[in-house]
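J.: Here you go, sequence then predicted model.
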Amino acid sequence: MSTLATSSPPAWPAVFTLAQRELVRFFRQGNRVFGALGQPIIFWLLFSEGLRGNNLDYAFFFPGTLVMILLFTAIFATISIIEDRNEGFLQSVLVSPAPRWAMVLGKVLGGAAIAMIQGLIFLALGAFTLRYASSLPEIVQAIVLMAVISIALTALGFTIAWRMDSTHGFHAVMSVFLLPMWLLSGAFFPGTGNGWLAWIVRLNPLTYGVAGLRYYLKFAQATPTTGPASDAAAGAPPIDALPPLSVCWIVTLAFAAVMLLAAWKISASRTAGDLK
């Protein structure tokens, strides 16, 4: 008597297929491609000319702006979870023999790849405004750190979007939770001191991603020693005031791992939208 195979199908083909689907859908939507190319260019023009015109330290704001692009792109990419549920595609994935973690990882990697596209564009445009003083290994390590940040933020967006039934609720949560998370990451002001706001900045895991990029993204453009620019630069934390680079990596990797685990756990829960 023949026995039926009880082993589950391989999961990695499902991971790569779902990630590829996110990228294919992204490139097939012309408005998203236009936004992906236009957003870094607009931010580059606004920040480079606006900050320079006001004698502000553009080099200080650059890493935070880069993380902002990763944040909003990764979060908006996870809106596809709500769309897939409303279109019925997510239900077909949930009943497939592929494990839940494969579905989660595929969606997260696809969204993180879209975020990295915009982040790399902005990183390249920065060379036209500020001359990088970073070595090639430092640039490569910054890109790897950007990838970890993108995965962590996309997994966070996945966790939030899974329980949402509409994109309106998702945007509301993003405006009251994710935007302050970025503002309190040391992107615009250092989290030095002992006040309650400084403690929030220290407890924010995104702070360590921004600090890590500050280590790697060095610029040859000198900041004036007098005038308003020096006053703005004086508020920028020096390297020795930042968290140790090893701590930045540990916290960022832990942030990504915790968010992936949370996304996997919440994907096992059923929502009313799953029955549509």
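T.: Arrived safely, thanks for sending.

J.: Which residues outside stretch 61-69 are in contact with it?
T.: Residues external to stretch 61-69 that are found in contact with it (CB atoms under 8 Å, 6 or more residues apart in numbering): 39-40, 43, 47, 51, 115, 118-119, 122-123, 126, 130, 146, 149, 182, 185-188, 206, 209-210, 213-214, 217, 219. In this view, the C-beta of every residue, glycine as well, is placed from N, C-alpha and C.

J.: For those residues, I'd like a selection string for PyMOL - just the buried members, please.
T.: Of those, the buried ones go into a single PyMOL selection, burial set by 16 or more other CB atoms under 10 Å:
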select buried, resi 39+40+43+47+51+115+118+119+122+123+126+130+146+149+182+185+186+187+206+209+210+213+214+217+219
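
J.: Which of the contacts of stretch 61-69 fall in strands?
T.: Assignment to strands by DSSP state E places none of the contacts of stretch 61-69 there.

J.: quick one: which of the contacts of stretch 61-69 sit in helices?
T.: In helices, defined here by DSSP state H, the members of the contacts of stretch 61-69 are 39-40, 43, 47, 51, 115, 118-119, 122-123, 126, 146, 149, 182, 206, 209-210, 213-214.

J.: And the pLDDT for Leu153?
T.: Note for Leu153: predicted pLDDT of 94.

J.: can you pull the contacts of it?
T.: Taking CB under 8 Å, 6+ apart as the test, what Leu153 contacts is Leu70, Leu71, Ala74, Ile75, Ala112, Ala115, Leu206, Met259.

J.: which of these sit farthest apart?
T.: Distances among the contacts of Leu153 were taken as CB to CB; the most separated pair is Ala112 and Leu206, at 14.9 Å.

J.: where's stretch 132-144 relative to the chain centroid, distance-wise?
T.: 18 Å (CA atoms, centre = their mean, to the nearest Å).

J.: for it, which positions count as buried?
T.: Buried, per 16+ other CB under 10 Å, within stretch 132-144: Tyr132, Ser134, Ile139, Gln141, Ala142.

J.: how near is the nearest residue to Ala98 once chain neighbours are set aside to Trp196?
T.: Leaving out its chain neighbours, the residue that sits closest to Ala98 by CB to CB, 6 or more residues apart in numbering is Ala14, at 3.9 Å. The gap separating Ala14 from Trp196 is 45 Å, by CB to CB, to the nearest Å.

J.: neighbour-wise, which of the two wins?
T.: Higher neighbour count among Ala14 and Trp196: Ala14, with 20 against 8, using other CB atoms under 10 Å.

J.: Angles on the backbone of the spatially closest residue to Ala11 that is not a sequence neighbour, please.
T.: Nearest residue to Ala11, sequence neighbours excluded (CB to CB, 6+ apart): Ala102, at 3.9 Å. Dihedral pair for Ala102: phi -70, psi -40, per degrees, to the nearest 10.
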